[in-house]
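1. Next comes the sequence, and after it the predicted model I'd like to discuss.
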Amino acid sequence: MDINFNINEDHNKLLLSDLKHKLSQVKLGGGEKRIAKLHESGKMTARERIDYLLDEDKNSIEIGAFVGDDMYQEHGGCPSGGVVVKMGYIRGTQCIVVANDATVKAGAWFPITAKKNLRAQEIAMENRLPIIYLVDSAGVYLPLQDEIFPDKEHFGRIFRNNAIMSSMGITQIAAVMGSCVAGGAYLPIMSDEALIVDKTGSIFLAGSYLVKAAIGESIDNETLGGATTHCEISGVTDYKAKDDADALNTIKNIVDKIGSFNQAGYNRIKTIKPALDPKEIYGILPKARSEQYDMMEIIKRLVDNSEFEEYKAGYGQTIITGYARIDGWAVGIVANQRKVVKTKKGEMQFGGVIYSDSADKSTRFIANCNQKKIPLVFIQDVTGFMVGSKSEHGGIIKDGAKMVNAVSNSVVPKFTVIVGNSYGAGNYAMCGKAYDPRLIFAWPSAELAVMGGSQAAKVLLQIEASSLKAKGEVLTPEKEAELFDKIKARYDKQVSPYYAASRLWTDAIIDPLDTRTWISMGIEAANHAPIEKPFNLGVIQV
C-alpha cells in the first residue's frame, strides 16, 4: 500500500469515528434524565420498543437518524425529529416501524417530524410493506403549528396516507403506548388494528383540561380516554395490553399471521462476499474531494465475488455502467468514474464530469435494465455536466435531458449511494432525492450542493465585492480573504452530509461497509411490489 492509501484510510476512519460518535449522541434522544423518567413510569424508550419488536438475528436499517440535527435550537432541538424509523423483520416479515420518542418534547410533532413520518409511509407504500406505529406523542408542537398544520405535505397528509394504504391492502398496526391526542388520535384508528397499553396509553380529541374549558365537564384523562374506556366502552381500540412488552408481543403475534405477497420477481441467487476486501474502500476513497481515483476499485469491493460485467466499457468512460450482484440480487450499476480518461479520439475527459457520450450510454443502459427487470444502483461522485462551447455545440443539454428522462421514467426500483460529490444537475441525472430512489444514503465523505465550497465561495465573493464597491467601500486583500473564509465556512457547513441528512435529503449516513446490507434490504422490500406500468421514455430528442 502506498502512502496515499494510508492517508486516505486514516481520514475516512476518522470520519467514520465521528459518525459513530454522533449516532451515539442521537440515540440518547432527549437525554439520559428523560430516559430515566420514562423507565420510572414503566415505559420503554422508542428505540427499546423497536429493538424488542424486531427479530434479533436479522439485519435492520434506520431511516433518518440525523433528521433534525442542529435544527430548532431555539426550541431546545429535535434529535432524530422526535421519531425513530427502522426497516427490519418481525417474525421473519419485513416491516417499517415508526416510534414516537417521548423523551423529545413529549413526542410532539415538529415540521421535520411530519416529513420523516411521511417518508416512512412513502417507503411502506412504494414497497407494499406492513407498517407499525408505536404512538407516544403530545401532538403538534404548537409554537411551530403554522409550519406543520395546513399544507399538502403537513400533518394531515399522514391520515390521508393511512386511508390510501388501507385501500392498497398494506397492513397497518398501531399501538398507543402513551399520549395520543387531538388530530393525532386518528392515526391509530385509521390503522387496521389498534392496541392500547393500560394506564399509560390514552386517546382523546381533547384532554380533560380542554374539555373542562370547552364544555364545563370535569373528568380525568383515564376515564376520558384510557384503555378500559376504549376497549370496553367506545370500541375504538381492539386490544388492551398490560404493559409495553405485552403490546409488542401482541403485535408480533399479529404480524406472524400475515399471508404471503405477490413478488415483483427480481433475480436472486446465493450470495457471495466480495473477493476483494471491502475495508480497502477506506484507503481508496481520497481525502480531498477534488482528487482522482478509479471508481471501479470501489465497485469491485461492493459486489458479489468482485465480479462486474461492464457495459460499453470503451464508450462514455466518465460513467461506468454494468451488471453485477449484491448479496445475491442482480443489479445494474451506474457510477461516476472519478479518474481522468482518454477517449479513442485522443481527447482527455475529467473524472466525475458527465459528458454527452456518458449520458447517452447511461440512458441506453437504464432502458436495458428496465427491459430486463433489473434494479438500478446509482453510485454518485459527480461534479456536474461538462460545460463550454464544445459541449454546448455537441448537444450536452439534449443528451443530459435524455438521461434525466430515463431516470425519471424508470419503473424498476432505484437506489442511490452518495460516496463523494453530488453537485448540481449531476445530482439529478444520477438519481438524487427528487427522482424517487427507494432508498438514498450517503457515506461520511459525501457532499451535496449546487457546486463545491471553493467555487461557490468565489462566486459569492464576487457578488459581495460588487455590492460593496457600489456602496463606495474599498475591499482590501486582507478583508477579501477574511470575507472569502467566512463565506466558505458557511457554505461548507451546508454541503456536509449531516446538513443533508438533517433535512431528509438522504435517508441516512452509513459506514461504507453497510452499503451491501442497505441495497439488499431495499431490493427485498421492493420485491413486495410488482411493477404496475411499462417503461416508456416519452418524447426525447435523439
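-> Thanks, I have it. As the structure is a computational prediction, the values presented were derived from the model and not from experiment. Numbers count the residues shown, from 1 in each chain.
2. Can you give me the domain boundaries for this structure?
-> Listed by the TED database, the domain ranges of the chain are 1-29+264-446+506-541, 31-256, 452-495.
3. Quick one: list the elements packing against the helix or strand that contains Ser422.
-> In this structure, Ser422 sits in strand 414-423 according to DSSP states H and E. Counting by 3 or more C-beta pairs under 8 Å, 6 or more residues apart in numbering; DSSP states H and E, the packing neighbours recorded for strand 414-423 are strand 376-382, strand 439-442, strand 447-449, helix 515-526. Where C-beta positions appear, they are placed from N, C-alpha and C, glycine not excepted.
4. The ones you listed: which one's closest to Ser306?
-> Closest approach to Ser306 among the helices and strands packed on strand 414-423 is made by helix 515-526 (12.2 Å; C-beta to C-beta).
5. Name the nearest residue to Val236, ignoring sequence neighbours.
-> In space, and not counting its chain neighbours, Val236 is closest to His230: 4.2 Å by C-beta to C-beta, 6 or more residues apart in numbering.
6. pLDDT weak spots in the chain?
-> 1, 183, 393, 453, 542 (pLDDT under 70).
7. what separates Lys361 from Ile61, distance-wise?
-> Computed as C-beta to C-beta, to the nearest Å, the Lys361 to Ile61 distance reads 31 Å.
8. These two - which one has more neighbours?
-> More neighbours surround Lys361 than the other of Lys361 and Ile61, with 24 against 21 (other C-beta atoms under 10 Å).
9. Output the longest helix along the chain in CSV, but only the C-alpha positions, please.
-> Using DSSP state H to define each element, the chain has its longest helix at helix 3-26. Extracted in CSV, the C-alpha atoms of helix 3-26 (Å, rounded to 0.1, in the frame of the first residue of the first chain):
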residue,chain,number,x,y,z
ILE,A,3,1.4,6.5,1.5
ASN,A,4,-1.7,8.0,-0.1
PHE,A,5,-3.7,4.8,0.7
ASN,A,6,-2.7,5.2,4.4
ILE,A,7,-3.5,8.9,4.4
ASN,A,8,-6.9,8.2,2.9
GLU,A,9,-7.6,5.3,5.3
ASP,A,10,-6.8,7.4,8.3
HIS,A,11,-9.0,10.3,7.1
ASN,A,12,-12.0,8.1,6.3
LYS,A,13,-11.8,6.1,9.5
LEU,A,14,-11.8,9.4,11.4
LEU,A,15,-15.0,10.4,9.5
LEU,A,16,-16.4,7.0,10.5
SER,A,17,-15.5,7.5,14.1
ASP,A,18,-17.2,10.9,14.0
LEU,A,19,-20.3,9.3,12.5
LYS,A,20,-20.4,6.7,15.3
HIS,A,21,-20.0,9.3,18.0
LYS,A,22,-22.8,11.5,16.5
LEU,A,23,-25.0,8.4,16.3
SER,A,24,-24.4,7.6,20.0
GLN,A,25,-25.5,11.1,20.9
VAL,A,26,-28.6,11.0,18.7
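10. Remind me what that helix packs against, helices and strands.
-> Secondary-structure packing of helix 3-26 (3+ C-beta pairs under 8 Å, 6+ apart): helix 281-284.
11. Identify all contacting residues around the helix it packs on.
-> 1, 5-6, 8-9, 12-13, 16, 293-294, 297-298, 301-302, 512-513 (C-beta atoms under 8 Å, 6 or more residues apart in numbering).
12. Where does the residue of the chain most remote from its centre fall, secondary structure wise?
-> Among residues of the chain, the one most distant from the C-alpha centroid is Gly472; the distance is 47.4 Å, by C-alpha atoms, centre = their mean. Secondary structure from DSSP H and E places Gly472 outside every helix and strand.
13. And for Arg47?
-> Judged by DSSP H and E, Arg47 forms part of helix 46-53.
14. Quick one: list the elements packing against that helix.
-> Contacts defined by 3+ C-beta pairs under 8 Å, 6+ apart place helix 46-53 against strand 83-90, strand 93-100, strand 131-137, helix 244-255.
15. next helix or strand past it?
-> strand 61-63.
16. by contact count, what packs against that next one?
-> strand 83-90, helix 111-127, strand 508-509, helix 515-526.
17. In its sheet, which strands sit next to the shortest one, and in what direction?
-> In other words, strand 508-509. With DSSP bridges as the test, strand 508-509 is paired with strand 439-442 (parallel).
18. Give me the buried positions along the strand it pairs with.
-> Along strand 439-442, these residues count as buried under the neighbour rule (16 or more other C-beta atoms under 10 Å): 439-442.
19. For that strand, give me every contacting residue.
-> Here strand 439-442 has contacts from 123, 415-419, 422, 431-433, 448, 497, 500-501, 505-510, 515, 518-519, 522, using C-beta under 8 Å, 6+ apart.
20. Just the buried ones out of those, please.
-> Taking 16+ other C-beta under 10 Å as the criterion, what is buried in these is 123, 415-419, 422, 431-433, 448, 497, 500-501, 505-510, 515, 518-519, 522.
21. so who does Val377 touch?
-> 326, 331-334, 414-417, 519.
22. can you rerun that using 7 Å?
-> Taking C-beta atoms under 7 Å, 6 or more residues apart in numbering, we find Val377 in contact with 331, 333, 415, 417, 519.
23. and of the residues you listed, the nearest to Lys373?
-> Distances from these to Lys373 were compared by C-beta to C-beta; the smallest belongs to Val331, at 11.6 Å.
24. Enumerate the beta-bridge partners assigned to that closest one.
-> The residues that Val331 bridges to, once DSSP bridges is applied, are Ala324.
25. Need the contact partners of whatever helix or strand Ile366 lives in.
-> In this structure, Ile366 sits in helix 356-372 according to DSSP H and E. With contact meaning C-beta under 7 Å, 6+ apart, helix 356-372 is reached by 311-312, 315-319, 321, 332, 334, 376, 391, 394-396, 399-400, 402-403, 406-407, 410-412, 429, 535.
26. and it, which residues are buried?
-> 356-367, 369-370.
27. May I see these arranged in CSV, with distance to Arg160 as well?
-> As requested, those are exported to CSV (distance: C-beta to C-beta, whole Å):
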residue, distance to Arg160
Ser356, 43
Asp357, 45
Ser358, 41
Ala359, 37
Asp360, 41
Lys361, 41
Ser362, 36
Thr363, 35
Arg364, 39
Phe365, 37
Ile366, 32
Ala367, 34
Cys369, 33
Asn370, 30
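28. ok, so of these, who is nearest Thr383?
-> Ser358 (12.8 Å).
29. gap between the closest one and Ile509?
-> From Ser358 to Ile509 the distance is 27 Å (C-beta to C-beta).
30. Could you do Ser445 as well?
-> Relative to Ile509, Ser445 is positioned 10 Å away (C-beta to C-beta).
31. same deal with Ile284?
-> Ile284 is 19 Å from Ile509, by C-beta to C-beta.
32. What is the neighbour count of the residue lying closest to Thr383 once chain neighbours are set aside?
-> Leaving out its chain neighbours, the residue that sits closest to Thr383 by C-beta to C-beta, 6+ apart is Gly352, at 4.6 Å. Using other C-beta under 10 Å, Gly352 has 25 neighbouring residues.
33. Gly352: what's it in contact with?
-> Counted by C-beta under 7 Å, 6+ apart, Gly352 has contacts 336, 338, 381-383, 421.
34. and with 8 Å instead?
-> By C-beta under 8 Å, 6+ apart, the residues touching Gly352 are 318, 336-338, 381-383, 420-421, 426.
35. Tabulate the helices and strands packed on strand 414-423 in a markdown table, adding columns for distance to Ser218.
-> Shown next, in a markdown table, are the helices and strands packed on strand 414-423 (distance: least, C-beta to C-beta, whole Å):
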| stretch | distance to Ser218 |
| --- | --- |
| strand 376-382 | 60 |
| strand 439-442 | 51 |
| strand 447-449 | 54 |
| helix 515-526 | 49 |
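36. Can you say which of these is nearest to Met177?
-> It's helix 515-526; of the helices and strands packed on strand 414-423, that one is closest to Met177 (C-beta to C-beta) at 25.3 Å.
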